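Visitor: model the structure of this input:
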Amino acid sequence: MKKQFAFLISFALLLFTQIMSAQSSTVSGVIYDQSGKTIPGANVVEKGTTNSGAADFDGKYVIKVSGPKAVLVFSTIGFSSAQFTVGEKKSINVTLQDEATSLKEVVVVGYGTAKKKDLTGSIASGNLKQFQEAPNTNILQSLGSLPGVVIGQSNQAGTDPTIKIRGQNTLSGNTGILIVLDGAVYRGKFTDINPKDVQSVDILKDPSSKAIYGAQAANGVMMITTKKGKKGSKTVIDYSTFYAIQNPIKNRRVLKRAQFEEMARTANFNVGTVTGYLAPDYTLPNPKWNYISNSGGAFTTAFIDSWNKGTDYDWYGDATNNSMYTLDHNLSLRGSTESTTFFLSGGFTEQLGWVINDNYQRKSVRINVENKPKEWLTIGANAFGAFSDRSGVSPDLVSLSVMHPGSSPFDANGNYLLNPTGGSTTNPFLQVTQDDLDKQNNVSLLLYIAADIPGVKGLNYRINYSNNYRWNQYYRSSVYNTGSASKQNQATLDTSLDNILSYNRRFGADEKHGVNITTVLGSNKVDYEGTTASATQFSNLALSYNSLEQGLLPKVSSDAWAEDFLSQTARVVYDFDGKYFVNGSIRRDGYSGFAANKKWGTFPSFGLGWNITKEKFLANAKKIDLMKLRFSYGENGNTTSRYSSLARFSADTASQYVYGDAGTTVTGINPLSLANPDLGWETTVGYNLGLDFGFFDNRITGTVDAYQSNTKDLLWDLPLPAITGFGSIKQNVGGIENKGIEVSVNFNPVRTKDWDWSFGINYGKNENKVTSLFGKDIDGNGVEDDLFPTNNNGSGGLFIGRPIGTIYQYVEDGIYQLGDVVPTGFNVGGWKIKDIAGNPDGTPDGKITAADRTFIGSTQPDYQIGFSNTLRWKNFSMKFFINSVQGGIGENNPWAGTAGGNGAYGTISNIVNNNRYNDIDSWTPSNPGAEFAMAGSTTGGVNFTPYRDRSFIRLNDISFTYEIGNDLISKTPFASIKFFVSGKNLYTITDWKGWDPETGQGLIAIGPNQANGYTSGLPVMKSVSFGLDMSF
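Guide: Presented below is the predicted three-dimensional model:
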């Protein structure tokens, strides 16, 4: 009996094996990339099983599968995965799309993703691959030129560039764009995000796309998605590094002793009893003129002694670095197990800037992990930390630029002098000696759980919790002026919680009807606190700021604030057969910063799309791959600073008063601002009409968008009469209009195995104007009043029907020459100002008065255009990007900051005591055709400032890359090795004089702020870098 049973079991097993053998089969093939090159090491997995294989050195694979219903999944790092049902095929050749290319087809939208071909709004995606070899330490620098997006230069180590999307929508409301990092609102710095960790950047530009974020989206939304592991892929280690050598785009220098003396002589060319030059033509130097005796300068005995010794000190040379650099290292690990994907990275960046102590160092770490314990359940965590150090105080460039070359920073014993020139200018090198600690830390954690709801196909619930903690430490001490030290600590905690319920299904026999419904209930809270402790008059500074109690005059202050956001959102998207698209959303936002009856705002949107390519009348148009029309409408809100609607008070030493007969000093309550119980939302309503197209097998693709937005109820600090005791009150007033056109066209004329050439052109034009202000007609002319500028340079005014940034100024009409009839108050070598009005009928009156001011232009550019190019031959590639901004004017006054009273254009007293740059083309008797007026000239008692065109064309980025072929590294541990050389900001074409047209830094000094006519920031840098990328 046992033998019979054993026989039956053996027979059954043999039969089962034969059956399974008959069902299983072997599939083979080759895995290629888009250019036709094979992909060694690519993964092949039978879906739903542990059965897997990999391609060999030639990209060939062989795998046994369970049967015709088996599905093979092909994947590898850097490419999008693909899957195929085996069926009866014995051979399957696969072409994997480059991940960067596929990302262009899928974009991140609010609370989800969408195929770009299904969009009804306007979304721009950054081409990160184009700039992956550039020496960028900030993700904004890697975006290049996107239509409608203006990104400024970063001109100081570790700082964020400015960014503006489709013009300016506000006057004094929040001007920052909304950053969404991996689905959660992020309020930290761009510089804290390691560019090497970023997978994609999508910018929501039109009102419909932005409306899903309601109150915080008026200025645009940037969706940043970081890298993740890929299911089914093997573990890959990536390492990248670059070293960039940097120099200022223009390495301007100040005058040396001989040049300075000549400038002073020129300023005195026909002034005083002993003039600098001899009459009548003033081209021959006067041998009797002496700088100390005749220039009109106020000199101390110590300075005269220094000058007579022949001192010619190079202040700029000793305060700037000769070897500026950026060093960057990044190491990452990504891959997957059966149920978990992971991405881990660490980065180190170090920058040495132009000015001594302009240092920046960043250490970053990221961990992105996602696990699917069940097919219907996903659990994930994205965490990163960024730790920056900018310790060290740089000398003030404004002070450096005016320090007299005839003075020295040192005394006879080699110690720093407090006031080397004997004036009020402190020795800039004293700042360098300060003990300074400046550290900024950023730690962020995003946790999410997503679950498919049982019993309802397509229904999913996801919860996102984000916690971003940022803390800064600013510690400083100085031994000068009896010693001082301070400690400042700041901490911000930003938490958010989003509950997302989504339903995504296709219906009908052919699944032609698609529905996607998303609802969100969200909350966001920001808490801040700061403490500052300081002391002066130290007896011992050995322990610096770590022993503040040793100071005689201690002072402690602290502050704190909080703000809350709540939101309720619903969105419905419908499409029919990928041909017709309709979507709509509504968001209700609450913000704690508004008045009690104005805290909530509602922001709707809708969009329409028509994919004309799917229509029958284009069925035979083989050359047209895509032709799609889009229209969208939406409303967005904007917030103001917290507590703006409330009356604010302070209680400090400034509020003290004497009380009672005893004369006791009492601290009182001092009102700082008035309350506005009706302060509410600033709202932007916008429209967008767009066209997407693709021709000739998508060798030509592009988009065209036309848009208009109108902002009403502008948040504005309305000036108040002085009798009120307050300078202004925050109110909702006026309106702004922005309209424009954006064009992006990409070409790929060559696409072969050995050659690939692609290039693209982007164009963006935005027109901005003020449509209304306060609704007042004080002069009774029947027209709403403008707000005229109070600044001496003609800026700061607001004019109905004209753009923000309109300059209302006098018209430049040349320079007065020897022999000209020069009006009283003007000088030979000084500016001529055009007389254009003054009489009651508006005709010229022969005098230069305020009536002669007019509109001379705007700081807003006319348009921006960018050109990108990528050329590959086998393993060599060359990329470059050219950026151009045309139009817009900027102040360019070489003598700004030295002007005396009554509009003096750099008084002689200031000119002969303060140094200047050596590249100023100013008037002298021997240089009558100069562009700028003479140093020390005056303009008849009126305040005149010259403006110049800021147009430029710049080679922003260029790189040359070589990737070692697979045949050379196939027997090594490496999967790829790539070397590159790149340049940034190497060449600029412009008529702008001075530092840089893009930043608006002209001929005047640059410094930490814009006070006294100076321009803020440091010079823009150009660089050449050498780098290496490798994977194994």
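Visitor: contacts, neighbours, all on C-alpha from now
Guide: Fine.
Visitor: by contact count, what packs against the one helix or strand Q488 maps to?
Guide: Per DSSP states H and E, Q488 falls inside strand 484-507. Applying 3 or more CA pairs under 8 Å, 6 or more residues apart in numbering; DSSP states H and E, we find strand 484-507 packed against strand 459-478, strand 513-536.
Visitor: most tightly surrounded among these?
Guide: The highest mean neighbour count among those, using mean count of other CA atoms under 10 Å, belongs to strand 459-478: a mean of 20.
Visitor: that older thread, how about the strand holding Q488: buried residues?
Guide: 484-503, 506 (16 or more other CA atoms under 10 Å).
Visitor: quick one, helices of the stretch 901-1032 of the chain?
Guide: 908-913, 966-969 (DSSP state H, counting those that start in this stretch).
Visitor: need the winner for burial among those.
Guide: Among the helices of the stretch 901-1032 of the chain, helix 908-913 has the highest mean neighbour count (mean count of other CA under 10 Å), at a mean of 22.
Visitor: what mean pLDDT does it have?
Guide: Across helix 908-913, the average pLDDT comes to 71.
Visitor: next: stretch 186-202.
Guide: 91.
Visitor: first-to-last residue distance for it?
Guide: Separation of the first and last residues of stretch 186-202 by CA to CA, to the nearest Å is 15 Å.
Visitor: hang on, the earlier thing: now the helices of the stretch 901-1032 of the chain as a markdown table including distance to G229?
Guide: Conversion of the helices of the stretch 901-1032 of the chain to a markdown table gives the following (distance: least, CA to CA, whole Å):
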| stretch | distance to G229 |
| --- | --- |
| helix 908-913 | 63 |
| helix 966-969 | 24 |
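Visitor: who wins for proximity to V1024 among those?
Guide: V1024 sits nearest to helix 966-969 of all these, at 27.9 Å, using CA to CA.
Visitor: show me how far that closest one is from its chain's centre.
Guide: Put simply, helix 966-969 sits 40 Å off its chain's centre (CA atoms, centre = their mean, to the nearest Å).
Visitor: walk me through the domains of the protein.
Guide: Residue ranges for the domains of the chain, per automatic domain parsing: 24-97, 100-228.
Visitor: nearest to S408, of those?
Guide: That would be domain 100-228 among the domains of the chain, by CA to CA, at 27.6 Å.
Visitor: what pairs with S336 across the strands?
Guide: On DSSP bridges, the residues paired with S336 through beta bridges are T341.
Visitor: go ahead and confirm it touches V236.
Guide: No: S336 is not in contact with V236 according to CA atoms under 8 Å; the separation is 9.7 Å.
Visitor: what about these two, which has more around it?
Guide: Neighbour count, other CA atoms under 10 Å: between S336 and V236, S336 has more, with 21 against 18.
Visitor: for Q246, give me its contacts.
Guide: Contact analysis of Q246 by CA atoms under 8 Å, 6 or more residues apart in numbering lists S323, M324, Y325, T326, M1021, K1022, S1023, V1024.
Visitor: and the fourth one, how many residues sit next to it?
Guide: This means T326. 22.
Visitor: spit out the contact partners of the closest residue to it other than its chain neighbours.
Guide: Of all residues not flanking T326 in the chain, Q351 sits nearest, at 4.4 Å (CA to CA, 6 or more residues apart in numbering). Each residue near Q351 by CA under 8 Å, 6+ apart is listed here: A157, G158, M324, Y325, T326, L327, N359, Y360, Q361.
Visitor: quick check: the second one touching T191?
Guide: Yep, that's G158 we're talking about. Yes: with contacts counted by CA under 8 Å, G158 reaches T191, the gap being 6.4 Å.
Visitor: who has more neighbours, the two?
Guide: G158 (25 against 19).
Visitor: where does the more buried one sit: helix, strand or coil?
Guide: Secondary structure state of G158, per DSSP: H, G, I helix; E, B strand; the rest coil, is coil.
Visitor: how close does it sit to Y360?
Guide: G158 is 6 Å from Y360, where distance means CA to CA.
Visitor: just A258 next, same as before
Guide: 37 Å.
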